[in-house]
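A.B. asks: below are the sequence and a predicted model; questions follow.
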Amino acid sequence: MHESILNKSVEYIKGVGEEKAKVLQSTFGIKTYFDLLNHFPYRYVDRSIISKTVEAPLEQEVQLKGEIVSLKEVQYGAGKKRLVGVFKDEFGVIELVWFRITKWLITSIPINAQVVIYGKLTSFNGKLSISHPEIELYSSFATKNTGFSSLYSLTDKTSKKGVNNRWYQKVYINLFDEIYNLIPENLSEQIIRENQLISRKEALKNIHLPENIQALNQAKKRLKFEEIFFFQLQMGLKKQNRIAQNKGNPFLNVGYFFNEFYSNHIPFELTNAQKRVVREIRIDMKKNIQMNRLLQGDVGSGKTMVALLSMLIAIDNGFQACLMAPTEILAQQHFNSIQELILPLGIPVELLTGSTSQAKRNEIHSGLMEGNLKILVGTHALLEDVVQFEKLGLAIIDEQHRFGVAQRAKLWKKNSIPPHILVMTATPIPRTLAMSFYSDLDLSVIDELPKGRKQVKTIHIYEDKRYEIIRFIRQQIEKGTQVYIVYPLIEESETLDYKNLMDGFEYIASEFPAPEYQISIVHGKMKPREKEAEMNKFSTGKSHIMVATTVIEVGVNVPNASIMVIENSERFGLSQLHQLRGRVGRGSEQSYCILVTKMELSKEAKKRIKTMCETNDGFKISEVDMEIRGPGNILGTQQSGQIDFKLTDLVEDKQLVYLAKRTINELLLGDSNLNHQQNQMIKNYFVEYYKSDMKWMKIS
Ligand code: ADP
Ligand code: MG
């Protein structure tokens, strides 16, 4: 049996026809049997339940039994008419409304007969009503099996053409009558058995025409599994392919630089997680295969040290290394700390950003080409074509979500054999998301913070209590600490936001007058040089307070700062809040994060603030974030849309994601090209529906 049976046009299904086929295509992009099979209901209702008009829930689809006692056309607006019916059951009355009147419609509505009506109940001007209800004579309703039924998304256009839920039901019955036994399986017997799944045809039938909730749940489980399975298969094959095509630079030695630094110059004890991750990276870079690894770790978990140690391995093996960060401030800071750390080793390191002078650039370019310059830290400026290395062995990208796939690809081309790649995330992303979306990367996780860190205390304060914060800040500054005060800056409301920032700055300046207090200010409109000067003033302890927009969001490291005040924090997203909070709690002092909000908060804002107050765990926060915003938004604009699961919810369906992942690993380990007889159906399906996305795949 082959998928091709499913490529027939929906037009040929009994009950569809040319006109409805056109509507299905223009509204939902449904062309073939396959498309219709995969056009899943968005919700289900129990049709055996008949509500009473008085008790029926508002804004939901309800089913009522009674009589339509009158029907009349009512004028509204200029020349517009609607048809209004009065429906009565034993308990009360509601209005039925049609906005498009045809002769056929009027004659088809039964008056004074027992009917069952179905539709969304709304309340308008104090009257209950249902627009465009589905109506059926009770006599015919009662003879049918009206158990559990599926709801499909409908539009005005589809409804007008008679494409409604009853119609879908009939069409699916006809469709399954025609092809049920011809629907090919796409998972092997073994996979079905081991994961306790039902067959594909059963699942497809039950997702559309479920007989009961158990059947529906089994159908969902099977189809979700399938969805993740094929997505991950694609990723798995991609990874296999990358490995086959890209030889790596094997870093066989751990030599002088690494050992000397490791034994004598690390200013603290590495955490066990850092040690484990460095080992994972070292083993990976030793192989004759290009490393492509994602390093996840919460804010402050010490990813930079891991990056540096990896770079030293590259240098020990005669290669160069680079580290790219998304902002100038961050690149500058990485540069400063790396330079200081490896000073005793005498390894040349330079910084390249948009504001590097031409003379300096020239020097860097030739240093790189000649191979004298071993480590380059920088921003996007690193990606420019003029930046060429003698022998680039390792490229590290910090805060990788800020960079697109194309930019990463550019780094690959900086060496004839592509460099090993290590990407680091700013904020943890949920494991299920990492496992799905980044499953062609290997994953290392730092799941432990350095010892002695005190949990940041997070407090929510409404803006009318701001004066309390001022007093608190004053006390803390007296103890010798430093303070961040952050304002949102959003492009759409930039002018107003700048005004807020400046007003805020003035307010703070009046509460904390010079010369006793020094205040730094940093925002996006300043020149890099000015920013840097203000940052330096703060990081060297010359100023007490840093007033800033979110330019300090990522990476900035001033261990003596222990208070983070976030103004208008209801306007920030969770990962941003978590990032900002991560700027404090880096020293030994008890740190505080104070979330200031306006009085009225949306439901989502409340949830964000509450989550922040309850936990410091970045992985937990990222899961809540994914619940609120969906996986596409978490990945960032450059990557959203690529992970558009129809059924799977990466939060709820965690277990299935793990199951599918394990299944794929085992499958590819035993049959990397899906050549075994028992895996033919998997291959057939994959080739039919996924291969076009991956033209260069060897599989055929
Ligand atoms: P992130 O993972 O957020 O990039 P950083 O690499 O900036 O974190 O590290 C945060 C701070 O923790 C830095 O000041 C760094 O020197 C320090 N640090 C890193 N590892 C350790 C450790 N094992 N013990 C103590 N401090 C550490
Ligand atoms: Mg960092």
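C.D. replies: Everything's here; your move. Since we're looking at a predicted model, the values are computed, not measured. Numbers count the residues shown, from 1 in each chain. Ligands and ions are numbered 1, 2, ... in the order given.
A.B. asks: and the residue of this structure that's closest to ligand 1?
C.D. replies: Gly302 (2.8 Å; C-beta to the nearest ligand atom). To be clear about C-beta, it is placed using only N, CA and C from the backbone, and glycine gets the same treatment.
A.B. asks: ok, now how distant is that residue from Phe258?
C.D. replies: 17 Å (C-beta to C-beta, to the nearest Å).
A.B. asks: coming back round to it: wait, doesn't the residue of the chain closest to ligand 1 sit right on Asn272?
C.D. replies: No: counting by C-beta atoms under 8 Å, Gly302 sits too far from Asn272 to count as a contact (11.6 Å).
A.B. asks: these two: who's more crowded?
C.D. replies: Gly302 (19 against 11; other C-beta atoms under 10 Å).
A.B. asks: and that one, what pLDDT?
C.D. replies: Among the per-residue scores, Gly302 holds a pLDDT of 91.
A.B. asks: cool, Val554 as well?
C.D. replies: So, for Val554, pLDDT stands at 51.
A.B. asks: can you point me to the longest helix in the chain?
C.D. replies: Taking DSSP state H as the criterion, the chain has its longest helix at helix 213-245.
A.B. asks: buried residues in whichever helix or strand comes after it?
C.D. replies: Scanning forward in sequence from helix 213-245 by DSSP states H and E, the next helix or strand is helix 256-264. Using 16 or more other C-beta atoms under 10 Å as the test for burial, helix 256-264 gives 257-258, 261.
A.B. asks: do the same with stretch 117-134
C.D. replies: 117-119, 121-122, 128-134.
A.B. asks: tell me the residues of the protein that contact ligand 1?
C.D. replies: Contact residues, the chain versus ligand 1 (C-beta under 6 Å from any ligand atom): 268-271, 274, 297, 299-305, 450, 557, 559, 586.
A.B. asks: since we're on the spatially closest residue to Leu574 that is not a sequence neighbour, how many residues are nearby?
C.D. replies: Nearest residue to Leu574, sequence neighbours excluded (C-beta to C-beta, 6 or more residues apart in numbering): Asp625, at 4.2 Å. Here the number of neighbours of Asp625 (other C-beta under 10 Å) works out to 28.
A.B. asks: which secondary structure elements does the helix or strand hosting Asp625 sit against?
C.D. replies: In the assignment (DSSP H and E), Asp625 maps to helix 618-629. Where contact means 3 or more C-beta pairs under 8 Å, 6 or more residues apart in numbering; DSSP states H and E, helix 618-629 is packed against helix 574-581, helix 603-614, helix 631-635.
A.B. asks: could I get those helices as CSV with mean pLDDT?
C.D. replies: Formatted as CSV, these follow (pLDDT from 0 to 100):
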stretch, mean pLDDT
helix 574-581, 90
helix 603-614, 96
helix 631-635, 72
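A.B. asks: what's the most buried one of those helices?
C.D. replies: Highest mean neighbour count of these: helix 574-581, a mean of 24 (counted as mean count of other C-beta atoms under 10 Å).
A.B. asks: packing partners of that helix?
C.D. replies: Using 3+ C-beta pairs under 8 Å, 6+ apart, helix 574-581 sits against strand 561-566, strand 592-597, helix 603-614, helix 618-629.
A.B. asks: just put those in a markdown table and tack on distance to Thr102.
C.D. replies: Below are the helices and strands packed on helix 574-581 laid out as a markdown table (distance: least, C-beta to C-beta, whole Å):
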| stretch | distance to Thr102 |
| --- | --- |
| strand 561-566 | 58 |
| strand 592-597 | 53 |
| helix 603-614 | 42 |
| helix 618-629 | 43 |
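A.B. asks: ok, which of those comes nearest Val23?
C.D. replies: With respect to Val23, and counting by C-beta to C-beta, the nearest of the helices and strands packed on helix 574-581 is helix 618-629 at 32.4 Å.
A.B. asks: the closest one to helix 603-614, inter-axis angle?
C.D. replies: Orientation check (axes from the mean of the first three to the mean of the last three C-alpha atoms, to 10 degrees): helix 618-629 against helix 603-614 gives 170 degrees.
A.B. asks: for this structure, which spans come out with low pLDDT?
C.D. replies: When residues are selected by pLDDT under 70, those of the chain lie in 1-3, 143-146, 400-405, 491-492, 551-555, 635-644, 691-700.
A.B. asks: quickly list the domain ranges of the protein.
C.D. replies: Domain segmentation of the chain under automatic domain parsing yields 48-146, 256-446, 457-615.
A.B. asks: just how off-centre is the second one within its chain?
C.D. replies: Translated: domain 256-446. Centroid separation for domain 256-446 versus its chain: 25 Å, with C-alpha atoms, centre = their mean, to the nearest Å.
A.B. asks: likewise stretch 55-67?
C.D. replies: Chain-centre distance of stretch 55-67: 37 Å, with C-alpha atoms, centre = their mean.
A.B. asks: one more: stretch 590-607?
C.D. replies: A distance of 22 Å separates the centroid of the chain from that of stretch 590-607, by C-alpha atoms, centre = their mean.
A.B. asks: next one: stretch 231-243
C.D. replies: For stretch 231-243, the distance to the chain centre is 20 Å (C-alpha atoms, centre = their mean).
A.B. asks: buried ones in it?
C.D. replies: 231-241, 243.
A.B. asks: and those residues as TSV, adding distance to Lys414?
C.D. replies: Formatted as TSV, the buried residues of stretch 231-243 follow (distance: C-beta to C-beta, whole Å):
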residue	distance to Lys414
Phe231	30
Gln232	30
Leu233	31
Gln234	27
Met235	25
Gly236	27
Leu237	26
Lys238	21
Lys239	21
Gln240	24
Asn241	21
Ile243	20
